[in-house]
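Visitor: I need the structure of the sequence given here:
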Amino acid sequence: MPEKIVSRKKKWSLGRILMVIAVIFLFGLAGVTNATSAEKAAKGSEVLEKCSQCHEDVVKAFSGKGHHALGAVCTDCHGKAEKHMEEGGALNTIVTFKGTAIQNNRQCLACHKTSAGQFMASPHGRASLDCTKCHQIHGKEAGEKFLKLKAGKLCNSCHEDISAQFMLNERHRLQEGILACTSCHNPHEPSASQRLGGFKQEACIKCHQDKGGPFVHEHEASRIEGCTVCHETHGSPNRHMLKHQAVSELCFSCHTTAPSWHAYFPASGANCVSCHTAIHGSNLDKLFLK
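Guide: This is a model prediction of the structure:
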């Protein structure tokens, strides 16, 4: 037999051997994974069965829903329960979520580091709220992400003053469902857009892109103080959600050194933006003129 043919056969045989080894390894790995999953499921069922002896109603609400549907069981949140059961249900041996906000949140953040790792620096965290104020742990969630209520209603239950602003004639379209509180605010992160000033006003610019520039001649107020120096962010009785009904009054609240003859504009029916049309910024004129 020619030497080249023998060499090819050897190479082919080696390749087939490697392929068979790889297939065996993958099937073996799949078997281990399935066995591990089955063992975990069996252990989880055992935990639920033990807990249901005393907490039948809670386990019934929890089974197959919420966190349990994601693979969690009681001990993942409440800690090991052996001592709890040995001592007849002593509460000081498990995590009861009746401690301080820091203690409760630490337990939740053990899993939710990626989505809510900065929660303690957020306005809600600094106000000593814990996760259970907004989220329910057992049972099927009422809204998305285990919320106790639908997102808008949940925010309104605490922020009633803000909710009232969304009832005004000039407002962001929250009621119509065009946007939600979380469109501008992240409840789990530090409030970088709390005042929406300077670069913090990106929350506004992501929708109102034409107002964001960059411009050759920028309106300093928009970069230093931000959109809220002129606009109410949630709702206003004034057109364009302005802080003053008369545009001239709004402008004069900052531009106190404007030429005296500008004061006659309100009587003539004109206002500042009749001439200074590019009020958010201009690429042509530093006075934002036409």
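Visitor: taking the centroid of the protein, which residue is nearest it?
Guide: N186 (4.1 Å; Cα atoms, centre = their mean).
Visitor: residues touching that residue, list them.
Guide: S122 (Cβ atoms under 8 Å, 6 or more residues apart in numbering). (Glycine included, C-beta is placed from N, CA and C.)
Visitor: tell me how far it lies from Q165.
Guide: 20 Å (Cβ to Cβ, to the nearest Å).
Visitor: likewise H240?
Guide: Counting by Cβ to Cβ, the gap from H240 to Q165 is 15 Å.
Visitor: between these two, which is the more surrounded one?
Guide: Comparing H240 with Q165 by other Cβ atoms under 10 Å, the one with more neighbours is Q165, at 19 against 11.
Visitor: which SS state does the nearest residue to C131 once chain neighbours are set aside fall under?
Guide: Of all residues not flanking C131 in the chain, C108 sits nearest, at 4.5 Å (Cβ to Cβ, 6 or more residues apart in numbering). Secondary structure assignment for C108 (DSSP: H, G, I helix; E, B strand; the rest coil): helix.
Visitor: count of residues packed around C108?
Guide: There are 18 residues near C108, going by other Cβ under 10 Å.
Visitor: just the one 3 residues further on next, same as before
Guide: C111 has 14 neighbouring residues, counting by other Cβ under 10 Å.
Visitor: contacts only, for it.
Guide: D76.
Visitor: so I279: helix, strand or coil?
Guide: coil.
Visitor: I'd say it and N271 touch.
Guide: No - here I279 does not reach N271: they are 10.7 Å apart, not a contact under Cβ atoms under 8 Å.
Visitor: which parts of stretch 60-77 are buried?
Guide: A61, F62, S63, G66, H67, H68, V73, C74, T75, D76, C77 (16 or more other Cβ atoms under 10 Å).
Visitor: reformat these as CSV; add distance to S260, secondary structure and pLDDT.
Guide: Shown next, in CSV, are these (distance: Cβ to Cβ, whole Å; DSSP: H, G, I helix; E, B strand; the rest coil; pLDDT from 0 to 100):
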residue, distance to S260, secondary structure, pLDDT
A61, 71, helix, 86
F62, 72, helix, 87
S63, 76, coil, 86
G66, 67, helix, 78
H67, 67, helix, 85
H68, 72, helix, 85
V73, 75, coil, 90
C74, 75, helix, 92
T75, 76, helix, 92
D76, 71, helix, 91
C77, 68, helix, 92
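Visitor: between these, which sits nearest M120?
Guide: Of all the buried residues of stretch 60-77, the one with the least separation from M120 (Cβ to Cβ) is C77, at 18.3 Å.
Visitor: how about H124, nearest residue that isn't a chain neighbour?
Guide: Closest to H124 by Cβ to Cβ, 6+ apart is P187, at 5.7 Å.
Visitor: same deal with S157?
Guide: Ranked by Cβ to Cβ, 6+ apart and with sequence neighbours excluded, the top spatial neighbour of S157 is L149, at 6.8 Å.
Visitor: for C272, grab phi and psi.
Guide: phi -60, psi -40 (degrees, to the nearest 10).
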